[in-house]
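> Make a model of this:
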Amino acid sequence: MSWMPEPEPTPLRLRLGPRAETPVPVSPVFEDAPLDSDPRADEVNALRSSAEFAAPAADEPESRDPLRAAASEELQRAIEQTSARVERWMADQRRRLGIGIDAMVASLKEQRDTEISRIEQWKVAERERAERQLAQEKERFHGQLLEELKEFEHQLGERLREQEERLAKWWDEAEQLTKQRFADFGLSSEAGDSPKA
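Below you'll find the predicted structure:
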């Protein structure tokens, strides 16, 4: 919302015209008021005498009321114009404020939509990253298990080979011992070969 300064209002003396400089006579209501108690009574008396001196004495009864009425009318018109200008200014300010608030709300909605889309993109990216990490962890764990299984198979193969060698050695020793026993008893060695067959 852009703010433009209001133009300066027209001064009252220019709106009232040539009669603006004419002094307004004092109302008769205030003529009888005692001025002795007021400390500025001398100033008021001086102003009153200068106003009476400035106005012609012959035309005073006739010109006082029309001038006062014209000045009052001009003043009333100026007040109405000023009031209308103030009302227009306030309506314009309300309209500008409404436009500014609408623009601010639209901007906030746009920012909210942008932030929501960014959050959604972040969620998708984070989900993909988590899935990639999980797949990498699974692959690493699978590879580790496979390595351990291979190591276990290798150790098992070594143990089986050792056991086979040990069994073969034990079988040879048992065969020799059997032959020797048969020889000690005078029996044929064919009986010792029969279990091997």
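> average pLDDT across stretch 75-95?
Stretch 75-95 shows a mean pLDDT of 93.
> Which strands and helices lie in contact with the one helix or strand residue 94 maps to?
Using DSSP states H and E, residue 94 sits in helix 60-185. Applying 3 or more C-beta pairs under 8 Å, 6 or more residues apart in numbering; DSSP states H and E, one finds that helix 60-185 makes contact with helix 12-16, helix 190-193. Heads up, the C-betas are built off the backbone N, CA and C, glycines and all.
> and residue 190, what pLDDT?
Residue 190 carries a pLDDT score of 53 in this model.
> Sorry, slip of the keys, the one I care about is residue 66.
Value listed for residue 66 in the pLDDT field: 83.
> now swap in residue 114 and tell me
Note on residue 114: pLDDT of 94.
> remind me which residues of the protein are low pLDDT?
For the chain, the stretches flagged by pLDDT under 70 are 1-64, 187-197.
> can we see that at 50?
Along the chain, the parts satisfying pLDDT under 50 run over 1, 28-36, 51, 53-62, 191-192, 194-197.
> Please put the alpha-carbon coordinates of stretch 99-109 into PDB.
Presented in PDB, the C-alpha positions along stretch 99-109 are these (Å, rounded to 0.1, in the frame of the first residue of the first chain):
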ATOM      1  CA  ILE A  99      -6.600  -2.600   0.400                       C
ATOM      2  CA  GLY A 100      -3.400  -2.800   2.400                       C
ATOM      3  CA  ILE A 101      -4.800  -5.400   4.700                       C
ATOM      4  CA  ASP A 102      -6.100  -7.500   1.800                       C
ATOM      5  CA  ALA A 103      -2.700  -7.300   0.100                       C
ATOM      6  CA  MET A 104      -1.000  -8.300   3.300                       C
ATOM      7  CA  VAL A 105      -3.400 -11.200   3.800                       C
ATOM      8  CA  ALA A 106      -2.800 -12.300   0.200                       C
ATOM      9  CA  SER A 107       0.900 -12.000   0.700                       C
ATOM     10  CA  LEU A 108       0.800 -14.100   3.900                       C
ATOM     11  CA  LYS A 109      -1.300 -16.700   2.100                       C
END
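> Counting neighbours, what do you get for residue 68?
The number of residues packed near residue 68 is 14, by other C-beta atoms under 10 Å.
> got it, and residue 120?
10.
> got it, and residue 162?
10.
> and it, what is it in contact with?
Shown in contact with residue 162 (C-beta atoms under 8 Å, 6 or more residues apart in numbering): no residues.
> how close does it sit to residue 113?
73 Å (C-beta to C-beta, to the nearest Å).
> ok, now residue 92?
Using C-beta to C-beta, one gets 31 Å for the distance from residue 92 to residue 113.
> residue contacts, residue 92?
By C-beta under 8 Å, 6+ apart, residue 92 lies in contact with nothing.
> measure it to residue 85 for me?
Taking C-beta to C-beta, one finds residue 92 at 10 Å from residue 85.
> repeat for residue 79
Taking C-beta to C-beta, one finds residue 79 at 11 Å from residue 85.
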